[in-house]
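Participant: Provide a 3D model corresponding to the input given below.
(chains A and B)
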Amino acid sequence: MLFPFSPSPVAPPRVVVTGAGIVTAFGIGWTLNAAGFRAGRAAFRPVSGFDVSRQRVKTAAEVDLPSVLPNTRLGARAIARLDRAGSMLIHAADEAWRQAGWEPAENLPLILGTTAGGMLLGERYFQQALHQPLRHRQQAVRAVYFQSQVQARMVLDALGFSGPVTIVSNACASGGSAIGQAWDSIRQGQTERVLAGGYDALNELVFSGFNSLQALSPTVCRPFDARRDGLALGEGAAVVALETLENARRRGATILGEIVGCGACIDTHHLTQPHPQGATTLTAMKQACAKACLAPEDIDYINAHGTGTVLNDRSEALAIGEWAGRHAAAVRVSSTKACVGHLLGSAGSVEAVVCLMALQGQWLPPELEFETIDPVCQFHVVREPREARLNFALSNSFGFGGINSTLIFRRWA
Amino acid sequence: MRRVYFAGMGAVSPAGWNAAAMREALDCGQPLPIQTMARPGWEQPLQVRWVPNPTGRLEFQAHPRMRRTSPIAHYTVAAALEAVAGLRGSLGKAGFRLGIVMCLQSGCVQYTNRFYTEVLENPSTASPLLFPETVYSAPASHVAALLGEVECVCTLVGDPSVFLQGIALGAQWLEEERVDFCLVVGAEEAGWTTADAVRHLDRHAIVAEGAGALCLCSDPAWSAGVELTAITDCHTYSANRTRMQAGAAMRGQLGSSTPVELLCDGIGGGSRADAAERAAWSDWDGPRVSPKRILGDALMASSAWQCVAACDALANGRYRAANVSVVGANQQAIGARFVRNPRSAASSRGDG
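Facilitator: The predicted structure follows:
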């Protein structure tokens, strides 16, 4: 039963990551992505998925999606109904599942974050309904399969498990929120395992939305740079397999890292602009540190939300400075949105996997395009590839509507 | 484990802008009149049950946040404010922490349609005022901005069964002591794309719009005399579990109920769409209320109305227990059970 709850454990169990799947413009899978993020390459190119000839900005970090899906239990008919977002989700979920070595099971929760789900199908539905109003072919299928819960159900069918599906849509914090919610449910004793993550594909509506807000950079995405002029969009998916440490040890699983803290709060300053002083960003970071029993000086690397917009980066930089206090100068920060763009609903989950990669590989993801630090940044922005001793990494994600999410990861050695 | 009580409710529906108007329509038992909606490219209009215009300007519409918002934001805010009306004076003063769980299926379709139409015409002139409101998390953000003192917010998306998952998430926040009260809101607005899409899946459905909100608490002093006692598992549909099987499993978990209890179901009138839920409750011969049949199919708002109707009937002492059954369209079947607990309400008045 969802309610009443099972009695909470006396002490919350430790939650570890035993599988991670990732899809970005760097490619599909951990290896390609680790190499890309470690080098700090930028993966932007002209958008090919839809017409951008009349848009102010014409580039994004598109994924080269293979025409063949991984070998799962999905039949040809189901595969034909997947859109680009759903395909990326299946790739990421399959990699996480295989890496974790999980077997088909019942009552295994799936918690996913997304902002747009199957919007590409929704766009096709809308265009056909508008331009060919008497033609109904494929419309019923699109009306069902554009819905994110239906795409999530396809993950269950693909991997052969069943359980509750939760779709979190906290705008660009969705991926981080989904992982945070999964962490909470394991710690509360509601389940021993959760598959969690986020996914979003580039689509014309959302691209045009950010374009209309003039939030897209007409040059290059340079988070925390004094000359930054906007964000760049990308697409991708990331899924992590979370379980109790006890469960992972019992089955001899390889552990990729541990989630030790999570913070979440709401910024009501404005629908699309953060609090100028980063007040709620600070709250989320403090909450996560308190849950992890860590002080700011314990955090070795921050994967910032760092969109590259003037307002976001200023607000986040002030919050990090306030949070770190006299240790600010020693804090190492970068935003991997400089490499693969802003992945919206999947940003938090992809950046979570980047933190796990950095902790496991002991390196810092750089921003190669970074030139001049904004004076508001009291911290060190990582601008070249380098190795480093990392024990704890913190990841921030914020979204329209003011949802802030912070996750803290521990190296597993 | 903390117990979970219901502290207030709100509803906006085709019957009007409060829960009393909805109650009156449900008590009357007659489906509300059907209106029409133009559908581009068709001579024949689509059928709909709109929320009527409010009588006069609503107070919250003067708030700067609400200036350019869509109808779904108005419905959400109106239902939420009604649900916390009894707490408004106390929220800030007593340092109470409030959580908001927002549940949506279609979300802000009207602005999405308008914005995407503009994009197709010329993306370089598409309005930047519309786009932010198309985001699923916008309505919850507006409620949080109006109420202030909000600790945490989460927007869940899915079929109408997700409203009960939203209640479970709110209960979890109460259990973790993250919040003292949690608003759970389900809302939708009607648009021609939604009506068109629903028509592809159920020709008999009459699309509607509105919102329903419940305020949960764990302190019996704030209870309105209703307690949440159960939410079943999520019986997710899959390759191995049909909607019919999921509905039966949900019914099985709610256990046997006596005919003096109330059933608030999600039956609307479409024989195919309702088959699984009808089968699950085929042995039920007790009182039953089906808000969708009276008010129309407002997706997530419909399941919110079911819960509001159940809690309202218990709070008014009409039944001692009520089951809410939601056999969702394409995700899962979930049920919930609420019971009348007048002692908790009496204690708040000091006469218990």
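Participant: Going by C-alpha atoms from here, please, whenever you check contacts or count neighbours.
Facilitator: Will do.
Participant: Enumerate the residues of the stretch 251-400 of chain A near chain B.
Facilitator: Applying C-alpha under 8 Å from any C-alpha of the partner chain, one finds that the stretch 251-400 of chain A approaches chain B through A:264-266, A:268-272, A:400.
Participant: mind listing the strands for the stretch 151-300 of chain A?
Facilitator: A:165-168, A:193-200, A:236-244, A:257-266 (DSSP state E, counting those that start in this stretch).
Participant: Could you take the ones you listed and lay them out as CSV, with extra columns for mean neighbour count and mean pLDDT?
Facilitator: Listed next are these as CSV, based on neighbours: other C-alpha atoms under 10 Å in any protein chain shown; pLDDT from 0 to 100:
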stretch, mean neighbour count, mean pLDDT
strand A:165-168, 28, 98
strand A:193-200, 31, 98
strand A:236-244, 31, 98
strand A:257-266, 25, 97
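Participant: Just put these in TSV and tack on distance to residue A:388.
Facilitator: Shown next, in TSV, are these (distance: least, C-alpha to C-alpha, whole Å):
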stretch	distance to residue A:388
strand A:165-168	34
strand A:193-200	27
strand A:236-244	24
strand A:257-266	17
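Participant: returning to what we had before: would you format the residues of the stretch 251-400 of chain A next to chain B as TSV with distance to residue B:42 included?
Facilitator: TSV is the format used below for these (distance: C-alpha to C-alpha, whole Å):
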residue	distance to residue B:42
A:264	47
A:265	46
A:266	43
A:268	42
A:269	43
A:270	39
A:271	36
A:272	37
A:400	36
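Participant: what number of residues lie near the nearest residue to residue B:85 once chain neighbours are set aside?
Facilitator: Leaving aside its sequence neighbours, residue B:85 sits nearest to residue B:8 (C-alpha to C-alpha, 6 or more residues apart in numbering or on different chains; 7.6 Å). The tally of other residues near residue B:8 (other C-alpha atoms under 10 Å in any protein chain shown) stands at 28.
Participant: Pairing partners for residue B:8 in the sheet, please.
Facilitator: Here residue B:8 sits in beta bridges with residue B:215, going by DSSP bridges.
Participant: I figured it hits residue B:212, correct?
Facilitator: No - under the criterion of C-alpha atoms under 8 Å, residue B:8 makes no contact with residue B:212, lying 11.1 Å away.
Participant: How about the stretch 301-413 of chain A: which residue is closest to chain B?
Facilitator: residue A:401 (4.8 Å; C-alpha to the nearest C-alpha).
Participant: Just want to check the distance between the residue nearest to residue B:85 and chain A.
Facilitator: 20 Å (C-alpha to the nearest C-alpha, to the nearest Å).
Participant: quick one, what contacts that residue?
Facilitator: B:82-86, B:214-216, B:223-224 (C-alpha atoms under 8 Å, 6 or more residues apart in numbering or on different chains).
Participant: And for stretch B:335-348, what's in contact with it?
Facilitator: By C-alpha under 8 Å, 6+ apart, stretch B:335-348 touches B:164, B:220-232, B:250-251, B:254, B:310-311, B:314-315, B:317, B:319-326, B:352.
Participant: what does stretch A:281-290 give?
Facilitator: Identification of contacts with stretch A:281-290 by C-alpha under 8 Å, 6+ apart yields A:261-265, A:295-296, A:316, A:319-320, A:322-323, A:396, A:404-408.
Participant: What is the distance between that stretch and the centre of its chain?
Facilitator: 18 Å (C-alpha atoms, centre = their mean, to the nearest Å).
Participant: Mind listing what's buried along it?
Facilitator: A:281-289 (16 or more other C-alpha atoms under 10 Å in any protein chain shown).
Participant: Kindly report the same for stretch A:290-309.
Facilitator: For stretch A:290-309, burial by neighbour count (16+ other C-alpha under 10 Å) applies to A:292, A:294, A:296, A:299-309.
Participant: Redo the residues you listed as CSV? Include pLDDT and distance to residue B:283.
Facilitator: Below are these laid out as CSV (pLDDT from 0 to 100; distance: C-alpha to C-alpha, whole Å):
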residue, pLDDT, distance to residue B:283
A:292, 98, 51
A:294, 98, 56
A:296, 97, 60
A:299, 98, 59
A:300, 98, 62
A:301, 98, 60
A:302, 98, 58
A:303, 98, 56
A:304, 98, 56
A:305, 98, 54
A:306, 98, 57
A:307, 98, 56
A:308, 97, 60
A:309, 97, 60
